[in-house]
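In: here are the coordinates; sequence isn't available:
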């Protein structure tokens, strides 16, 4: 009997053990969950018979020669995965077996068991070594690591190789993570909501307390571990000070216990105002002795509850949060007052560089939010404690569809840095639109900021290798929720997978990551893999095309949902996401010569490239320059024509996504096929909302028509306000560009019933009918579409889109099945309004089938 540790005994390990022991039933349950997306990329379906080769003989026994919670989790995962893939029993052992086997353990233990073992010299903490050796006439596959967590990562790596059908004969591979800290940030609130979360309520909190359903916590941590993530913050960076009270510290200890077997250490976001809120102090001045004492006591208390806490996250002086500037202090002062006591416990502090004034005077053309991070933090370089990581967003604004890499990455030579990326799609379709982010992230990671001449890309600066800093980090704003598949859109999990893989190895290509995820999630059918990988890799450029091209920003409603188009919402306010569009031109002049001077924050070679119109990349032009609409791009097109063309091209590509996905029917499970199809169909409709809103807005602003005559001309479209109305009335829509003609019709009948109808006078044929309506989240209206008295479609407006009024967030397309129309047919749309939703209709579009 193996000796059990007197320390933490993880319930998750016993659950894994149950899965192994009750193999038949558990495997059936696992397969059921897998096809809902719950198991994500850890499905372990049976491999083809051809994949079970003689060299797989060591895979029948998994022997763990160390004991710890993480090593036991690794052993359980191997047994679970191997039994699923190889369709045969796999035995667990805790001693060196007298047979071929997989051996796992830390290097010191394996070097005792297997004399003469020579591990790689460059293996770092959390790194692993996979190799095959012969010992006493037996063949062993070794999973060896510097620490127990590395053993776990090695186990997942071996299972990944097998699932991807890569041979293990002659295996000899070792990997170490590029940065030591690889964390998720969940923006979960104590009430159970998730700020910028689009996949249901919090897994951890509800109504001010710990969530009652805690069964998914170990599976959440298991997902993170499978891609090498080792830390997670489970509360919002807009932190609630109550988490530092004894009851909630006990809650955090329970979460930490469930994460522990999977090598995931807890992070805690702090409220800078806690000394006032919790201790009643008159000040939060980080240099005040009373405040210093408060943080020393508080940090010690937190570590008493969670001894292996990874550390803390702090957002201060940002978006209304109290910070050190209120007391004339610096961000280094605020960071160090917490970091110093945390250092005694081996903890770190992630200090967010997302600091800016959201009351900027928009009339002052020298004001520029993009300069804020550099201006606030670069002068403090070298003044932060060694266990502080300055957490920097990938771009200088806020997770826009395209921004240049933040110049702050090259501005800190004596401070450890972390790269903050956003997995949750706040500005990028909110998991209703497909938008695979690995290509965006790779563009940042690989961008050479030339901090020391050529060869200093962001990934090297973040790793600390350029300026020899002790720490480096990736932080991903993830916001997984209670959706069965974690992120709502079945394809959105590719972004979580990509974040973990790139945090481990930022040299991986977006294509490799996409292929891995697709094969692990949907299998290795070449048609399936080729189609899904193609969709993933095109999705971000397509989203950029129909939203905000040329670096103009995402052009969304920045004052509200951050979802649908709201072009003018960026302007004439203090938030600083301006695009400065007027009748003559568009774009922010950030040059040194005539603009805000932001470009001067880069190293001279990069600044020279960005400063000149001759060398500035087209895809960042409007982020860095204000130009006339008639300015010619390097492509030869004018800016205004590029805006029109890109939006039409992007919307057409979104329609093409639907056609390509339909080719996979019968090749993947029905449930995920149908769910992705519905989301892609919705995206195709909303892409046209984006196309029309942006193009019509710029046509009105510039007065320059589209050379192809498309913008403002919709020959197949029937505006609802021009049709026969019964129980309906015409209303204006705000912003005006959110509706096709600036108007729509809403049900005003006292009984909440209404109809919109017209008589068809076109040629006979087979057509697709599109009904553009507004699906608000404060009611569930119902619609029936009849042609010549025949019911051809019916639906409920229950998509729960982010809006309570008819606007660009809630504008939605219903595409009917193919319909035969002949002249004289009455097309009749019947509606029943509900709640605060008045069954608002924008237009009906009639297009030849299959356009």
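Out: Everything's here; your move. Quantities reported herein were computed from a predicted structural model and do not represent experimental measurements. Numbering: from 1, shown residues only.
In: hey, which helix is longest across the protein?
Out: helix 670-702 (DSSP state H).
In: quick one: low-confidence residue ranges for this structure.
Out: 1-34, 50-56 (pLDDT under 70).
In: quick one: residue 815 from residue 773, how far?
Out: Between residue 815 and residue 773 the distance, using C-beta to C-beta, to the nearest Å, works out to 12 Å. Every residue, glycine included, has its C-beta placed from N, CA and C.
In: who has more neighbours out of those two?
Out: Neighbour totals were compared for residue 815 and residue 773, and residue 773 leads with 28 against 17 (other C-beta atoms under 10 Å).
In: what's the nearest residue to that one if we skip its chain neighbours?
Out: residue 841 (4.9 Å; C-beta to C-beta, 6 or more residues apart in numbering).
In: surely that neighbour and residue 814 touch.
Out: No: in this structure, residue 841 is not within contact of residue 814 by C-beta atoms under 8 Å, at 10.2 Å.
In: overlap in contacts, those two.
Out: 771, 772, 773 (C-beta atoms under 8 Å, 6 or more residues apart in numbering).
In: so what touches the helix or strand just after the longest helix of the chain?
Out: Using DSSP states H and E, the helix or strand that directly follows helix 670-702 along the chain is strand 717-719. With contacts defined as C-beta under 8 Å, 6+ apart, strand 717-719 is touched by 740, 741, 743, 758, 842, 843, 844, 845, 846.
In: switch the cut-off to 7 Å
Out: 740, 741, 758, 843, 844, 845 (C-beta atoms under 7 Å, 6 or more residues apart in numbering).
In: neighbouring strands - and their directions - for that strand?
Out: strand 841-848 (antiparallel) (DSSP bridges).
In: on that earlier part again, is the residue nearest to residue 773 bridged to anything, and to what?
Out: In beta-bridge terms (that is, DSSP bridges), residue 841 pairs with residue 745, residue 773.
In: let's number from 564 now, not from 1
Out: Sure thing, new numbering starts at 564, so read that last one as residue 1404.
In: how near is it to residue 930?
Out: Residue 1404 is 42 Å from residue 930, by C-beta to C-beta.
In: do residue 731 as well
Out: Residue 731 is 59 Å from residue 930, by C-beta to C-beta.
In: and residue 902, by the same measure?
Out: Counting by C-beta to C-beta, the gap from residue 902 to residue 930 is 32 Å.
In: same check on residue 1313?
Out: In this view, residue 1313 and residue 930 are 51 Å apart by C-beta to C-beta.
In: one more: residue 747?
Out: On the measure of C-beta to C-beta, residue 747 and residue 930 end up 34 Å apart.
In: which residue of these two possesses the greater neighbour count?
Out: residue 747 (27 against 15).
In: wait, that one touches residue 791, no?
Out: No: at 11.8 Å, residue 747 does not count as touching residue 791 under the criterion of C-beta atoms under 7 Å.
In: next, show the common contact partners of the two.
Out: With C-beta under 7 Å, 6+ apart, residue 747 and residue 791 have no common neighbours.
In: tell me the buried residues in the one helix or strand residue 715 maps to?
Out: Applying DSSP H and E as the criterion places residue 715 in helix 711-726. Neighbour-count burial for helix 711-726, with 16 or more other C-beta atoms under 10 Å as criterion, is recorded at 711-723, 725-726.
In: most widely separated two among those residues?
Out: 711 and 726 (23.2 Å; C-beta to C-beta).
In: residue 998 touches residue 990, doesn't it?
Out: No: using C-beta under 7 Å, residue 998 makes no contact with residue 990, being 9.7 Å away.
In: neighbour-wise, which of these two wins?
Out: residue 998 (28 against 25).
In: for the more buried one, phi and psi?
Out: Dihedral angles phi and psi of residue 998 (degrees, to the nearest 10) take the values phi -150, psi 90.
In: list the contacts of it.
Out: Residue 998 touches 988, 991, 992, 1102, 1103, 1106, counting by C-beta under 7 Å, 6+ apart.
In: kindly report the same for residue 1026.
Out: Residue 1026 neighbours (C-beta under 7 Å, 6+ apart): 741, 742, 1035.
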